[in-house]
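Peer 1: Make a model of this:
(one chain, ligands or ions: 1)
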Amino acid sequence: MGSYLGKYAEYYDHIYANKPYKDEAAFVDACLRCNAHGETKTLLELACGTGRHAFELEQLGYQILATDYSADLLEVARAQAQRRGSAVDFQLQDMRDLQLGNRVFDAVYCLFDSIGYVQTNEAILRVLQNAAAALRQQGLLILEFWHAAAMLRGYEPERQASWPLPNGELARTSRTVLHVDRQLAEVHYRLRETDTAGNLVAELEETQLNRYFLVQEMALFLQTAGFNALEWLPAYQPGQAIDLDTWHVMVVAQKA
Ligand SMILES: C[S@@+](CC[C@H](N)C(=O)[O-])C[C@H]1O[C@@H](n2cnc3c(N)ncnc32)[C@H](O)[C@@H]1O
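Peer 2: Next comes the predicted model:
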């Protein structure tokens, strides 16, 4: 099952137009500066989507290889890179099977709960082992994941949202079913684009399966893959405690 395929990829940046990528990238930069041993200049991004964090981190002075397994999202990212004159290297790669030759990086990051798309214990461990292999000694990993506690307590079976488009509107209905035994949220999306007169322009459906995690479960995955966790926090909220209302957890870990 893929994600953000075809026209959904074209809509991605409209849907997340208000997501504070610049602030999030500044936070990642601060985490790297705070925890780094030695110079931290080269970054590998897993599941970069349309490249919004990568563009912001590039502005902060990093050299970035940004990877994703969606050719459609990478097409949007590369077009944006060309418009911006960006040197971010976008590559089609599945994070379960990274092909990097002998390249090693100072840090790896994987944000916006993307690790959950690989779903199974085996695949998660493989992704984290791939991240460890891509890091120099004492290199850092920054990972953001969906938190089981908030998901189980607060998930909404149905949600509706809409966004303005240059020539109309995009409306999205999301229906969510939880598969508690596998810790997966199955989200069925229905998207409808209409023009300014309300006529239907395009319609599509997509189902995504994404895993949610508890903190100690992720701690064990990280340890098994060869990382020491340095810091756990609600994503982008330093100094706050992780609790039942924390939807996104962030961990900073170091290659052991
Ligand atoms: C919620 S989006 C986040 C994208 C981007 N990090 C952001 O913050 O906008 C999840 C991303 O994970 C990517 N993805 C899912 N499974 C993947 C895999 N096995 N390998 C690489 N990318 C994957 C999807 O293509 C999508 O770009």
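Peer 1: Could you find the closest non-adjacent residue to Ile142?
Peer 2: The shortest distance from Ile142 to any non-neighbouring residue, by Cβ to Cβ, 6 or more residues apart in numbering, is to Tyr109 (4.3 Å). C-beta here means a position set from N, CA and C on the backbone, and glycine is covered the same way.
Peer 1: how about the strands of the stretch 101-250 of the chain, start to end?
Peer 2: 105-110, 135-146, 158-165, 168-179, 184-195, 200-211, 227-234, 248-255 (DSSP state E, counting those that start in this stretch).
Peer 1: Switch those strands over to CSV; also include distance to the ligand, mean pLDDT and mean neighbour count.
Peer 2: Below are the strands of the stretch 101-250 of the chain laid out as CSV (distance: least, Cβ to the nearest ligand atom, whole Å; pLDDT from 0 to 100; neighbours: other Cβ atoms under 10 Å):
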stretch, distance to the ligand, mean pLDDT, mean neighbour count
strand 105-110, 7, 98, 25
strand 135-146, 8, 98, 21
strand 158-165, 15, 96, 12
strand 168-179, 13, 98, 16
strand 184-195, 11, 97, 17
strand 200-211, 8, 97, 15
strand 227-234, 17, 98, 17
strand 248-255, 11, 98, 22
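Peer 1: Tell me which of these sits nearest to Ile15.
Peer 2: Nearest to Ile15, of all those, is strand 158-165, at 6.0 Å by Cβ to Cβ.
Peer 1: To what extent is the residue of the stretch 1-150 of the chain found nearest the ligand buried, counted in neighbours?
Peer 2: Nearest to the ligand in the stretch 1-150 of the chain, going by Cβ to the nearest ligand atom, is Gly49, at a distance of 2.7 Å. Neighbour count of Gly49, defined by other Cβ atoms under 10 Å: 24.
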